[in-house]
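>>> The sequence and its predicted three-dimensional model are supplied below.
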Amino acid sequence: RRRHTRYPLVTGVQTCALPISNVGSVVPLQANAGLCWQGCKLVGEHFRVSPDKARGWVEKSAANTAFLRRYWVGNDLTKQPTERYVVDFFGLSEHEAQAQSPALYQPLIDFVLPERRHNKDKGFRERWWLFGRPRPELRQANDGLFRYLATSEVSKYRTFSFLKWPEDLIDGGVVAVCDSDPWAHGVLNSRVHASWCLSVGGTLEDRPRYNIGACFDPFPFPAATDSQQQKIRELGEALDAHRKKQQGAHPGLTITGMYNVLEKLRTGEELTAKEKKIHDDGLVSVLRKIHDDLDAAVFEAYGWTDTLSDDEILERLVALNHERAAEEKRGLVRWLRPEFQNKLQTKAGAGDVQQEIDIADADDDNSDSGDEPAVEKPKRGRGAAKKSRQPVAEKPRNVVKHPWPKDLARSEEHTSELQSRVDISYAVFCLKK
């Protein structure tokens, strides 16, 4: 059995030390649909812009501000944030990009166009002034928000932080949860969610990997009362503010460093001189207190005792997933963002909503969503409409067959998706041993 820690560590190859729970039977919940997405894939390094160059363009014309976005990669969320920008003409035609910001358009002509012109992907060639994967679903889900949640796809510790919208854009190595509510931030940063992710997610080398199809889509949030939500909301805000304040005051202080020290505090191990400095700079004992209070509040919202082991947490979450799936079959959906998610359902209709959910399911490692669907194109002719209205819970998973891509870029993305599915299958295999 895994040793019990606040954030269980993964060392070496993950073993079959999972509890006997029917993890393979969990299903994506409609309540979580349309909110969790992978970040952008540039397909062209010259979309990136240095801070000095970005500031220079803004000084020349304030209009350029609309097309310069702060760009976050995974290390920015686990180490110290590095300031970088990208030129983002999403939503504009080539003519509109040239007309509205010729200064930003020119370097794309000089450097991106020559690379894209020889790309085997037709979409990349024809839409060369745009990111290869601009993630329109992510942008749609963030529309109207002033911030959203982000986590590094691969990370030793599962932490979520708020980023600004629309100022901040994320890279493909970052996963977004499009919710500005600190209540969601609190639940996702809790021990309950961390234990779930470690059990059902994959790994890259010795680091846990956040697979959307396994970690977020089936995760059942607590049915908290208003007062419970408010308590978690306040603690979520406090957690985000504390980490950002201490990192801002101490350049070089990293999230991973703080949580390494937090782990030692919990196990009672003696701190080295370097770790003592991290403890003082990061106020790690205060961080620990916030996490303890947050965990207690989240356990209370679930109606569980905070003495549960990681295995017991997993067993209860699997059972709760089954309960929520049964509720959704009866028409009760506990939407995370009801106004946005109901709007999608009303606007698109039942058939299109199903397609949105399919994309999230098929994109377990978020490697191939973007502006091209990651699922089989809807069939035309008799029976097509009938198939598009199949209920989510009754649709067989992983039955769509795709031919192996011929070009290198698509092959790499396809390999990433297959690896995600192997991660999930491996966990199920371990449970059956």
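That came through, no problem. In this text the structure is predicted, and so the values were computed from the model without any measurement. Numbering: from 1, shown residues only.
>>> surely Pro81 meets Trp72?
Yes. At 7.3 Å, Pro81 counts as touching Trp72 under the criterion of Cβ atoms under 8 Å. Backbone N, C-alpha and C define where each C-beta goes, glycine included.
>>> Those two: who's more crowded?
Trp72 (24 against 19; other Cβ atoms under 10 Å).
>>> how near is that one to Ala66?
19 Å (Cβ to Cβ, to the nearest Å).
>>> repeat for Ala33
30 Å.
>>> now Val112
For Val112, the distance to Ala66 - Cβ to Cβ - is 19 Å.
>>> same question, Phe47
Distance from Phe47 to Ala66, by Cβ to Cβ: 15 Å.
>>> Also Val187?
From Val187 across to Ala66, the span is 34 Å (Cβ to Cβ).
>>> hmm, back to that, tell me which of Phe47 and Ala66 has more neighbours.
Counted by other Cβ under 10 Å, Phe47 and Ala66 do not tie: Phe47 has more neighbours, with 24 against 13.
>>> Assign a three-state SS to the residue nearest to that one when sequence neighbours are not counted, would you?
Leaving aside its sequence neighbours, Phe47 sits nearest to Val86 (Cβ to Cβ, 6 or more residues apart in numbering; 4.8 Å). Of the three states, Val86 takes strand according to DSSP: H, G, I helix; E, B strand; the rest coil.
>>> Tell me the bridge partners for Val86.
Counting by DSSP bridges, Val86 forms beta bridges with Arg48, Arg69.
>>> so it makes contact with Gly44?
No. Counting by Cβ under 8 Å, Gly44 is not a contact partner of Val86; they are 9.9 Å apart.
>>> Which residues are in contact with each of the two?
By Cβ atoms under 8 Å, 6 or more residues apart in numbering, Val86 and Gly44 have these common neighbours: Phe131.
>>> more neighbours, those two?
Taking neighbours as other Cβ under 10 Å, Val86 and Gly44 compare with Gly44 leading, 23 against 20.
>>> tally of neighbours for the closest residue to the more buried one other than its chain neighbours?
The shortest distance from Gly44 to any non-neighbouring residue, by Cβ to Cβ, 6+ apart, is to Val112 (4.3 Å). Using other Cβ under 10 Å, Val112 has 21 other residues around it.
>>> my guess is Val112 meets His46, correct?
Yes. With contact defined as Cβ under 8 Å, Val112 reaches His46; the gap is 5.0 Å.
>>> element containing the residue nearest the centre of the chain, please.
For the chain, the residue nearest the mean C-alpha position is Val175 (2.3 Å; Cα atoms, centre = their mean). Val175 is part of strand 174-177 when elements are defined by DSSP states H and E.
>>> For that strand, enumerate the helices and strands it packs against.
Contacts defined by 3 or more Cβ pairs under 8 Å, 6 or more residues apart in numbering; DSSP states H and E place strand 174-177 against strand 36-38, helix 136-142, strand 147-152.
>>> Counting by contacts, list what the shortest one packs against.
On a contact count with 3+ Cβ pairs under 8 Å, 6+ apart, strand 36-38 meets helix 136-142, strand 174-177.
>>> Strands of the protein, start to end?
36-38, 48-49, 68-72, 85-87, 147-152, 161-164, 168-170, 174-177, 202-204, 207-209 (DSSP state E).
>>> Going by mean pLDDT, which of those comes out lowest?
When the strands of the chain are compared by mean pLDDT, strand 202-204 comes last with a mean of 82.
>>> Given it, what are its sheet partners and their directions?
Next to strand 202-204 in the sheet, as set by DSSP bridges, lie strand 207-209 (antiparallel).
>>> Relative to the whole chain's centre, how far out is the strand it pairs with?
Remark: strand 207-209 is offset 13 Å from the chain centroid, using Cα atoms, centre = their mean, to the nearest Å.
>>> What of stretch 57-68?
29 Å.
>>> Look up how far Arg324 lies from Trp183.
17 Å.
>>> brain fart, Ser199
From Ser199 to Arg324 the distance is 18 Å (Cβ to Cβ).
>>> How about Ala296?
Here Ala296 is placed at a distance of 23 Å from Arg324 (Cβ to Cβ).
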